[in-house]
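Enquirer: Got a predicted model here, sequence first, then my questions.
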Amino acid sequence: MGDTLKIAGISWGRKEAKTSTGESVFTDHVRALASREPLDTRRLEQLWSALRAALRSELKRRGLWETPPVYLGIYGWETWEARGAGAGKETALEELLAECYSYIFVLRLRSLEAQLKLKENIDGLIFLNIRHFLHERQKEHDPLGSQVFQVLQSAVRTAVAEGDLHVLQGDERIRNHTVLSASPGSPALEPAREGLATLVARWNDELLPDLVTLRGRGQEEVVRRLRERLPELEREGFATFRFKDLVDPLKADVRARWAAILDQSQGEAVPQIGEEPRGNRARLVPPDTRVEERQLFRKLVDCVLTSLRRLDINEKTREYLSTLWNFVRLQASEGEETGMPAARLDQLLQEAEGEERPSLRRLAEQLRIPRERLPGLYETLGDLLERCRAANSGRAAVRALMGSSNFRNGKGGPGAH
């Protein structure tokens, strides 16, 4: 077992959580819940201490401990250990802990009880669920960071497989603390230098917006382009580095640039090359965290993407629509205005229709879509979204989305080129 911590009388590692008497805290808690008997206060306190320690450790392992809690959908705190207003208020970690408990021991209790019939100890399964919980939260509430991590991870894995990079320490699947080098015999890792942020910013000059907006085969192309830039690390003096030291500045630069794109879509001036930065930005207003709203948002996003794939249109138009839709969905989930993301989808599409604002020209430049195509593309997405809402509410059959389209030719619809 790796490092073992002892908190509130509980020793735990990645595979198990035990008290000083050898009890398996997580397994025993599931067994107690299955018995439907009143929970012992002392054991419940041990469970919360063990789960808190495990959650904190996983946050640090994933490089999330130093990031704002809002990236996991926890709002109102600047750090994980800062307390709310008033004496005795919980921390951001405590709020996340409560949601993690619900995710594991409420929503998945039946599955855990079933595993108890097959295994004597299921602590390892609990740790796996903690990882799944954080992965899903980050993917949902930090789509930009999740996308950048995934693309860079794929690019690095390809470079390792082709022998241009080597794993010196850490997880060979490429995680935050994996140490990589251009040479298998490289010396010990040195602290990351500031120049790394400047280097990845140059990469983003060419990679954005594709790094964020493209999916499927388009994303494979972005992975290839990013992989081709990795040899620059050695040439610039970064022969050995942690994956985290590379992905963190890449995420930060993408977020800053994407915030500028969101600003311009609201009609604000866009910083030009060479201008001074406008200072630290506050995290953009996140989507509402209610389960029903998140589920609706995901259904609408998936429905529109499925409909786009089945439209009878040329591939260039499909590419434009997909790029614009990914921009709109990110704008809805990370935009500055308040409101739930599913509702903001309609608002964002309606505001853009037919308007001749300078921001649309800027947007066309950033997304690499011809300016004159944007009104028609927005209109097509609006029609698709309306149909998806109808299908989701039961007012129309889903198959209507897949049939013949009545979108107007020449405005982003099937006949557009």
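Expert: Sure, I can see it. No experiment lies behind these values; they were computed from the predicted model shown.

Enquirer: mind showing which ranges of the stretch 201-350 of the chain have poor pLDDT?
Expert: Of all residues in the stretch 201-350 of the chain, those with pLDDT under 70 make up the ranges 261-295, 333-340.

Enquirer: would you list every one of the strands in it?
Expert: Listed from the start of the chain, the stretch 201-350 of the chain has strands (DSSP state E, counting those that start in this stretch) covering 240-242.

Enquirer: those helices in it, which residues are they?
Expert: Applying DSSP state H, counting those that start in this stretch to the stretch 201-350 of the chain gives helices spanning 210-213, 217-229, 232-235, 243-265, 291-310, 315-334, 341-352.

Enquirer: Quick check: which of the ones you listed is buried the most?
Expert: Among those, ranked by average contacts under mean count of other CB atoms under 10 Å, first place goes to helix 210-213 (a mean of 22). Glycine gets a C-beta too; all of them are placed from N, C-alpha and C.

Enquirer: how far does it sit from the chain's center?
Expert: Taking CA atoms, centre = their mean, to the nearest Å, one finds the center of helix 210-213 at 13 Å from the center of the full chain.

Enquirer: which residues touch it?
Expert: 144, 147-148, 151, 204, 218, 221-222, 225-226, 254, 258, 322-323, 326-327, 330, 367 (CB atoms under 8 Å, 6 or more residues apart in numbering).

Enquirer: Next: stretch 73-81.
Expert: 56, 59, 65, 68-69, 84, 91-93, 95-96, 137, 140-141, 286, 289.

Enquirer: Just give me the closest of those residues to residue 34.
Expert: Distance to residue 34 across those (CB to CB) is lowest for residue 96, with 25.4 Å.

Enquirer: From the contact counts, what lies against the helix or strand in which the closest one is found?
Expert: With secondary structure defined by DSSP states H and E, residue 96 is part of helix 92-101. Helix 92-101 is packed against helix 41-61, helix 123-141, with contacts defined by 3 or more CB pairs under 8 Å, 6 or more residues apart in numbering; DSSP states H and E.

Enquirer: Export those helices as CSV, with columns for distance to residue 186.
Expert: As requested, those are arranged in CSV below (distance: least, CB to CB, whole Å):
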stretch, distance to residue 186
helix 41-61, 23
helix 123-141, 30
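
Enquirer: Adding mean pLDDT, write these out as CSV.
Expert: Written out in CSV, the entries for the helices and strands packed on helix 92-101 read as follows (pLDDT from 0 to 100):
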stretch, mean pLDDT
helix 41-61, 92
helix 123-141, 90
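
Enquirer: Throw these into a markdown table and include mean neighbour count and distance to residue 305, thanks.
Expert: A markdown table is the format used below for these (neighbours: other CB atoms under 10 Å; distance: least, CB to CB, whole Å):
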| stretch | mean neighbour count | distance to residue 305 |
| --- | --- | --- |
| helix 41-61 | 18 | 30 |
| helix 123-141 | 18 | 16 |
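
Enquirer: Let me know the average pLDDT across the helix holding residue 96.
Expert: On average, the pLDDT along helix 92-101 is 88.

Enquirer: now the angle from it to helix 123-141?
Expert: For helix 92-101 against helix 123-141, the angle between stretch directions is 110 degrees (axes from the mean of the first three to the mean of the last three CA atoms, to 10 degrees).

Enquirer: Contacts only, for residue 47.
Expert: With contact taken as CB under 8 Å, 6+ apart, residue 47 is in contact with 25-26, 29.

Enquirer: Those into JSON lines, with extra columns for secondary structure and distance to residue 211?
Expert: Rendered in JSON lines, the data for those read as follows (DSSP: H, G, I helix; E, B strand; the rest coil; distance: CB to CB, whole Å):
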{"residue": "25", "secondary structure": "helix", "distance to residue 211": "42"}
{"residue": "26", "secondary structure": "helix", "distance to residue 211": "38"}
{"residue": "29", "secondary structure": "helix", "distance to residue 211": "42"}
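
Enquirer: of all those, which comes closest to residue 361?
Expert: Lowest distance from residue 361 to those (CB to CB) belongs to residue 26, with 55.9 Å.

Enquirer: quick one, what contacts the closest one?
Expert: Neighbouring residues of residue 26 by CB under 8 Å, 6+ apart: 17, 47, 50-51, 122-123, 126.

Enquirer: before we move on, the earlier item: got CSV for the contacts of residue 47, with distance to residue 183 and pLDDT too?
Expert: Converted to CSV, those look like this (distance: CB to CB, whole Å; pLDDT from 0 to 100):
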residue, distance to residue 183, pLDDT
25, 44, 92
26, 42, 94
29, 48, 93
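
Enquirer: Go through the residues you listed and name the one nearest residue 208.
Expert: Ranking the contacts of residue 47 by separation from residue 208, with CB to CB as the measure, puts residue 26 on top at 42.5 Å.

Enquirer: Distance of the closest one relative to residue 32?
Expert: From residue 26 over to residue 32 the distance is 11 Å, taken as CB to CB, to the nearest Å.

Enquirer: ok, now residue 138?
Expert: 31 Å.

Enquirer: tell me the phi and psi of residue 166?
Expert: phi -130, psi 140 (degrees, to the nearest 10).

Enquirer: In three-state terms, label the closest residue to it other than its chain neighbours for me.
Expert: Excluding the flanking residues, the one nearest residue 166 by CB to CB, 6 or more residues apart in numbering is residue 184, at 4.4 Å. For residue 184, the secondary structure call by DSSP: H, G, I helix; E, B strand; the rest coil comes out as coil.
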